[in-house]
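Asks: Sequence and predicted structure are below.
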Amino acid sequence: MERVIQNWVVEKPTVVSRHGLVVSQSAAAAAVGAEMLRAGGNAVDAAVATAFALAAVEPWNSGLGGIGYMVVQRPGSEAQVVDFAAVAPQDLDAKNFPLTGAPGTDLFAWPQVEDDRNIRGPLSIAVPGAVDGYGLALERFGSRPLADVIAPAIALAETGIAVDWYASLKVLAVAGDLARYAQSRRTWLEGDLPPLHLAGTRVPRVKLGVLADSLRRIADAGRRDFYEGELARRLAADIAADGGVLSAGDLARYRARIVPAQTFAYRGEIIATAPELTAGPTLRDVLARLEEQSFGTCPDTTFFISLAEALHKSYERRLTQMGDVERVDASTTHVSAVDRDGMLVSLTTTLVSSFGSRYVSPSTGILMNNGIMWFDPRPGRANSIGAGKRPLCNMCPVVVSRDVRPWLTVGASGGRKIVGAVAQLLAFVLDFGLDAAAAAHHPRIDVSGGRVTNVDPRLSADIVQALRNRLEVAEVEHTAYPINFACPNMIVARDDGNWEGVADVMTPGSGAAAI
């Protein structure tokens with residue numbers, strides 16, 4: 001057995017409320033969402049306010065340069081999905097991504113591209129959908145004006161990020177890449193080093209350039225300014241000047257869209273999640289395999305063996321039929337929200353890699369995604385690089401309805417680790433009746449493709465040994481960094497009429513906030 005490198009018993013407090021709450025990988029952002037609820041906003045207003053705030057307090061995970069999906073479930077209505085996924089620029093040319101013949105160097109199993117230009121820098125940027133997606137969600141499902149919802153994020157961006165150990169570590173992990181791009185270097189590095197808070201000194205803050213001005217312009221001019229107005233012109237000019245191909249035309253053509261959720265039954269409950277090029281179809285496959293089995297009263301040996309085998313089979317199907325080879329996505333973030341009327345929102349949004357493309361647009365202060373990384377750089381494949389294409393991703397936001405009313409919302413960050421985490425939390429609640437706190441704190445396994453089943457050593461010795469008898473197993477400690485398991489959060493309705501929310505246990509700054 002590998003030596004345990006950390007020895008913690010870590011817990012996150014749950015939050016209970018009858019009137020609404022928000023859960024996020026950033027407690028500060030969740031508090032922004034809860035304040036939006038307190039001011040009379042609904043769950044969509046709260047989720048969008050939280051998402052904009054994340055651009056200023058957790059910018060390495062998401063932001064204005066990001067992409068994602070939001071599931072909205074209103075009482076008495078069918079679940080809808082706000083799809084603001086990545087789209088490749090029209091001038092993207094696969095010939096600009098020649099293979100070196102070496103294995104890949106980052107999050108994927110793709111062959112390496114020359115200078116990793118599909119992973120970092122201006123050529124790796126896909127059309128960002130976050131601003132249009134958030135604005136469209138507000139227009140269709142929200143109740144507050146965009147200017148009100150975005151105002152807290154403006155204030156946070158003006159203040160800057162207080163540097164703690166986790167922020168320093170996140171910057172350190174990509175410091176070499178950040179140093180390659182002038183504005184990224186100016187924003188995130190002091191010389192070539194990450195910012196540090198030394199004992200006995202004032203807490204330093206990372207100033208986010210002109211990000212506050214860009215947020216303010218969106219508030220004043222509307223979301224389409226990011227795609228057709230002054231912000232679009234600045235963003236396209238910056239990227240072109242540094243060798244990218246994302247153009248003003250790409251931005252002008254982009255439209256977030258609202259589509260019906262993918263829905264299916266599990267144990268008599270209705271699961272709603274994002275469709276098509278997400279992990280939603282794989283989640284459905286995993287749960288269909290689990291539903292063929294009968295389990296006891298707690299997550300035991302039989303359950304974890306069945307789960308591991310279901311995940312292996314479902315990933316084999318995904319990898320052979322859908323072309324996804326993503327290993328891990330440490331930059332994604334997830335927001336869960338509920339309001340006083342019982343509307344549930346499940347929002348997953350990402351820059352793809354940590355710090356995305358590592359490229360900050362100088363004139364806008366926006367950190368851009370590296371969505372081109374999701375494409376296979378080899379030609380002739382279903383998911384190969386192509387102009388105007390949408391890539392496959394692993395986001396899996398979920399809402400569950402019970403007796404025709406919204407009842408549970410869950411999602412996670414963590415790339416290919418997401419679907420296994422979401423499936424387990426759903427099973428913990430729906431198969432075994434665990435409450436939100438018990439489900440969130442229960443040790444999990446992870447299957448992300450390949451032969452190995454990663455097992456949290458806090459599981460009982462009997463379960464671990466039973467898995468070893470059937471599968472190739474590696475005991476992997478659940479740590480804050482590196483991120484060895486996905487980072488889920490959830491909200492569940494309780495029998496007493498209250499809602500209970502809990503954030504990811506191992507994310508240092510995660511939290512739930514209620515009214």
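Replies: Alright, I've got the coordinates.
Asks: Mind naming the longest helix for the protein?
Replies: Taking DSSP state H as the criterion, the chain has its longest helix at helix 301-321.
Asks: Which strands and helices lie in contact with the following helix or strand past it?
Replies: As assigned by DSSP states H and E, the chain's next helix or strand after helix 301-321 is strand 333-339. On a contact count with 3 or more C-beta pairs under 8 Å, 6 or more residues apart in numbering; DSSP states H and E, strand 333-339 meets strand 20-24, helix 27-38, helix 43-57, strand 344-350, strand 405-413, strand 487-493, strand 499-502. For glycine as for every other residue, the C-beta is placed from the backbone atoms N, C-alpha and C.
Asks: Any chance of CSV for those, columns distance to residue 242?
Replies: Formatted as CSV, the helices and strands packed on strand 333-339 follow (distance: least, C-beta to C-beta, whole Å):
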stretch, distance to residue 242
strand 20-24, 32
helix 27-38, 30
helix 43-57, 21
strand 344-350, 22
strand 405-413, 28
strand 487-493, 32
strand 499-502, 41
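Asks: follow-up on the earlier one: any buried residues in the longest helix of the chain, and which?
Replies: 301, 303-312, 314-315, 318-319 (16 or more other C-beta atoms under 10 Å).
Asks: Please report how far the closest residue to residue 503 other than its chain neighbours lies from residue 23.
Replies: Taking C-beta to C-beta, 6 or more residues apart in numbering, and ignoring the residues beside it in sequence, residue 503 has residue 510 as its nearest neighbour in space, at 3.6 Å. Distance, residue 510 to residue 23, using C-beta to C-beta, to the nearest Å: 8 Å.
Asks: more crowded one of these two?
Replies: Legend: neighbour count by other C-beta atoms under 10 Å for residue 510 and residue 23, higher for residue 23 (35 against 23).
Asks: List the contacts of the residue nearest to residue 238 when sequence neighbours are not counted.
Replies: In space, and not counting its chain neighbours, residue 238 is closest to residue 361: 4.3 Å by C-beta to C-beta, 6+ apart. The contact partners of residue 361, by C-beta atoms under 8 Å, 6 or more residues apart in numbering, come to 65, 183, 234, 235, 238, 239, 368.
Asks: Pretty sure the residue nearest to residue 503 sits against residue 26.
Replies: Yes: using C-beta atoms under 8 Å, residue 510 is in contact with residue 26, at 6.9 Å.
Asks: follow-up on the earlier one: just the ones of the contacts of residue 361 in helices?
Replies: Counted as lying in helices by DSSP H, out of these, are 183, 234, 235, 238, 239.
Asks: Now do the fourth one: how many residues are near it, please.
Replies: Burial of residue 238, expressed as a neighbour count using other C-beta under 10 Å, amounts to 21.
Asks: Let me see the contact set for it.
Replies: Applying C-beta under 8 Å, 6+ apart, we find residue 238 in contact with 361, 362, 363, 364.
Asks: how about residue 180, secondary structure?
Replies: Three-state assignment for residue 180 (DSSP: H, G, I helix; E, B strand; the rest coil): coil.
Asks: gap between it and residue 193?
Replies: For residue 180, the distance to residue 193 equals 15 Å [C-beta to C-beta].
Asks: Residue 431 too?
Replies: 49 Å.
Asks: Between these two, which is the more surrounded one?
Replies: Between residue 431 and residue 193, counted using other C-beta under 10 Å, the more crowded position is residue 431 (21 against 12).
Asks: Can you read off the pLDDT for residue 110?
Replies: Residue 110 carries a pLDDT value of 83.
Asks: With adjacent residues omitted, what lies nearest to it?
Replies: residue 104 (4.7 Å).
Asks: Burial check on the one you found, number of neighbours?
Replies: When neighbours are counted by other C-beta under 10 Å, residue 104 registers 20.
Asks: now do residue 248
Replies: Going by other C-beta under 10 Å, the residues that sit close to residue 248 add up to 17.
Asks: what's the nearest residue to it once chain neighbours are set aside in contact with, if anything?
Replies: Excluding the flanking residues, the one nearest residue 248 by C-beta to C-beta, 6+ apart is residue 236, at 4.1 Å. Residues near residue 236 by C-beta under 8 Å, 6+ apart: 246, 247, 248, 250, 251.
Asks: Rebuild those residues as a markdown table, extending it with distance to residue 58 and secondary structure.
Replies: Output for these, formatted as a markdown table (distance: C-beta to C-beta, whole Å; DSSP: H, G, I helix; E, B strand; the rest coil):
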| residue | distance to residue 58 | secondary structure |
| --- | --- | --- |
| 246 | 23 | coil |
| 247 | 29 | coil |
| 248 | 29 | helix |
| 250 | 26 | helix |
| 251 | 24 | helix |
